[in-house]
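**Q** I would like to see how this sequence folds:
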Amino acid sequence: MRAFAALLDALIYTRSRNQKLALIADYLRATHDPDRGWALAALTGTLDLPAVKPALIRALIEARVDPVLFRMSRDYVGDTAETVALLWPAPSLPIDPAPLSLGKAVETLARLSRSEAPAVLSAMLDRLSAEERFALLKMATGALRIGVSARLAKAGFAQAFGVSLDDVEELWHGLAPPYTALFSWGEGGAAPVAEDLPLFRAFMLAQPLEDLRVSLDDYAAEWKWDGIRVQLVRTARGETRLYSRAGDDITGSFPEVASVFTRAGVLDGELMVKGGAQGIDLGQESAASFNALQQRLGRKKVSAKMLADYPAFVRLYDILFDGAQDLRDQPWTKRRAALEAFAAALPEERFDVSALIEAEDFTALEGLRATSRDAAIEGVMLKRRDAPYVAGRRAGLWYKWKRDPFTADCVMMYAQRGNGRRSSYYSDYTFGCWAEGGALLPVGKAYSGITDEELKALDKFVRNNTVARFGPVREVEKTLVLEIAFDSIHASSRHKSGVAMRFPRIARIRTDKPAAEADTLAALQRLVT
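**A** This next block holds a predicted model:
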């Protein structure tokens, strides 16, 4: 546990990506099984300890220190694990002096029931230092927030053992923690995955187009659909899986799609819900907004009514495997032909191929993009015609050209401290628009889009203009206008205003605009899709 605690501490205070990679690689080389495998699981978010929940941790600390002191400290620190690690009192009885290994801690906690967890976790915290308590609690709750993504952790493994990151990604979803077989392979053993498993392959990603102009002789254009990216996998022996972009198995949430994908292969596409009115003639099945798809996301059990009200289908983008044939090294033009042939044998009710945009040149494409206000369209995708299908975001191969966002001038209403490095600042802002009759109703919440200097200015405004406090939330004077950018807006019965924004972010601080001149709720409702 000491070595893992030292690794987390070093990663938190390291900004350089290369230094983070070196820290992870050094730890994985120096640490033995199964500790290094559990550490890799914690860094990649694949560790699951269902008996340990944040509510349990709060109950344990509030039984040992003044609850008011804990809550005030938590509000100031901004992190539960760090607060508990520092406040945890010294045990009154003698404790086991032997060091607690990471593997022993994980294996013990994984076996616990909810009723057993409090006593066992307390005993562990009693015998650990503050740094080790912090590491244990961060690991147990699955909320590391140390500036290390799952891909960066896998890259650290690849660097540690001199293997390809693409190969690691390919093997990853056929394995489970503590990844003993993966480490054996990294050290020169056989590849750890048997043939013909429904494995996830890393997606090919696009770069923002920004100010670049490209030739449509070199690039094909498609609409960028507003659903969730999925990978469909069917093996020759009859197993089918649907994976999200993060590699999560979502097969059970969309049984009507999985049950009819019966041809062996691997496809890339966008999962959407049928329905909605098209703003432009796309010549394809109309798709509802992302708001409709959200009704289906995350559901382990799907009722017959849900299947009928929100029928799912997949708009196909690309093909990775046709049966056992790997097509990823083929140019896009050949893969596109193979995809169209493959899709012709799939049920039209659940699958179609994303149509190409017919445009004479880039200027004509700009005009089409400018009018693409269909609820299911985010913008345009540009794909180099000779590009292979490669994992990750590679320069010059695929570009995403998102449509211009909507904007609205909104009034800041409430603020709350952030997490991590923003835990000392009021960085999460709830904002509203004027309803009929002069009331200000919340329409969204944003915490991104501002610079560090703007963050400090907004934090100062919150502190100097607080009019009420509700736990960690501060209500402020309704005098500051924020220009909010958002991708779309939808009707929502869960919000008092009746609307919900998608991807709201702060475009700029409007110190030049009086709050009385901010936008109205009626203006936002006219944009609802």
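**Q** Going by C-alpha atoms from here, please, whenever you check contacts or count neighbours.
**A** Fine.
**Q** Tell me which stretches of the stretch 201-350 of the chain form helices.
**A** In the stretch 201-350 of the chain, helices defined by DSSP state H, counting those that start in this stretch lie at 255-258, 290-293, 304-309, 332-343, listed in chain order.
**Q** got the buried residues for stretch 145-160?
**A** Of the residues in stretch 145-160, 146, 148, 150-160 count as buried by neighbour count, 16 or more other CA atoms under 10 Å.
**Q** And for stretch 166-180?
**A** Result for stretch 166-180 [16+ other CA under 10 Å]: buried residues 166, 168, 169, 170, 171, 172, 173, 177, 178, 179, 180.
**Q** now could you export just the CA positions of that stretch as CSV?
**A** Taking only C-alpha atoms (Å, rounded to 0.1, in the frame of the first residue of the first chain), the coordinates of stretch 166-180 have been written out as CSV:
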residue,chain,number,x,y,z
ASP,A,166,-2.7,-0.6,-29.7
ASP,A,167,-2.0,-4.2,-28.8
VAL,A,168,-2.7,-3.5,-25.1
GLU,A,169,-6.0,-1.9,-26.1
GLU,A,170,-6.9,-4.9,-28.3
LEU,A,171,-6.3,-7.4,-25.4
TRP,A,172,-7.7,-5.3,-22.6
HIS,A,173,-11.4,-6.1,-22.8
GLY,A,174,-10.7,-9.9,-22.8
LEU,A,175,-9.0,-9.7,-19.4
ALA,A,176,-10.0,-9.0,-15.9
PRO,A,177,-8.1,-7.6,-12.8
PRO,A,178,-5.5,-8.2,-11.5
TYR,A,179,-4.3,-8.8,-15.1
THR,A,180,-1.8,-11.5,-14.3
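**Q** Residues contacting it, please?
**A** Stretch 166-180 is contacted from outside by 33-38, 40-41, 46-47, 154, 158, 182, 192-193, 197-202, 247, 391, using CA atoms under 8 Å, 6 or more residues apart in numbering.
**Q** In space, what's closest to residue 466 - neighbours in sequence excluded?
**A** Nearest residue to residue 466, sequence neighbours excluded (CA to CA, 6 or more residues apart in numbering): residue 476, at 4.4 Å.
**Q** Surely that neighbour and residue 411 touch.
**A** No: Residue 476 is not in contact with residue 411 according to CA atoms under 8 Å; the separation is 10.1 Å.
**Q** So which of those two has more stuff around it?
**A** Neighbours per residue, other CA atoms under 10 Å: of residue 476 and residue 411, the larger number sits with residue 411, 31 against 20.
**Q** so what's that one closest to, chain neighbours aside?
**A** Once its chain neighbours are removed from consideration, residue 411 has its nearest residue in residue 481; the separation is 4.5 Å (CA to CA, 6+ apart).
**Q** didn't the one you found look like it was pressed against residue 513?
**A** Yes: in this structure, residue 481 is within contact of residue 513 by CA under 8 Å, at 6.6 Å.
**Q** out of those two, which sits in the more crowded spot?
**A** residue 481 (27 against 14).
**Q** for the more buried one, what are its contacts?
**A** With contacts defined as CA under 8 Å, 6+ apart, the neighbours of residue 481 are 409, 410, 411, 412, 509, 510, 511, 513, 514, 515, 518.
**Q** any idea how far it is from residue 378?
**A** 27 Å (CA to CA, to the nearest Å).
**Q** Touching, residue 232 and residue 241? I think so.
**A** Yes: Residue 232 is in contact with residue 241 according to CA under 8 Å; the separation is 5.9 Å.
**Q** Pick out whichever of the two has more residues nearby.
**A** Under the neighbour definition other CA under 10 Å, residue 232 and residue 241 were set side by side, and residue 232 has more, 26 against 23.
**Q** What distance do you get for that one to residue 334?
**A** In terms of CA to CA, residue 232 sits 19 Å off from residue 334.
**Q** Next: residue 167.
**A** Distance from residue 167 to residue 334, counting by CA to CA: 24 Å.
**Q** what do you get for residue 215?
**A** To residue 334, residue 215 is 19 Å away according to CA to CA.
**Q** Just want to know which of these two has more residues nearby.
**A** residue 334 (14 against 11).
**Q** Which pLDDT does the model give the more buried one?
**A** The predicted structure scores residue 334 at 98 on the pLDDT scale.
**Q** So, low pLDDT: which residues of the protein?
**A** Scanning the chain for pLDDT under 70 picks out the ranges 194-196, 276-283, 372-375, 420, 529.
**Q** Outside of stretch 115-133 itself, list whatever touches it.
**A** Residues outside stretch 115-133 that contact it (CA under 8 Å, 6+ apart): 1-2, 5-6, 9, 51-52, 56, 60, 81, 85-86, 88, 90-91, 95-97, 100, 105, 109.
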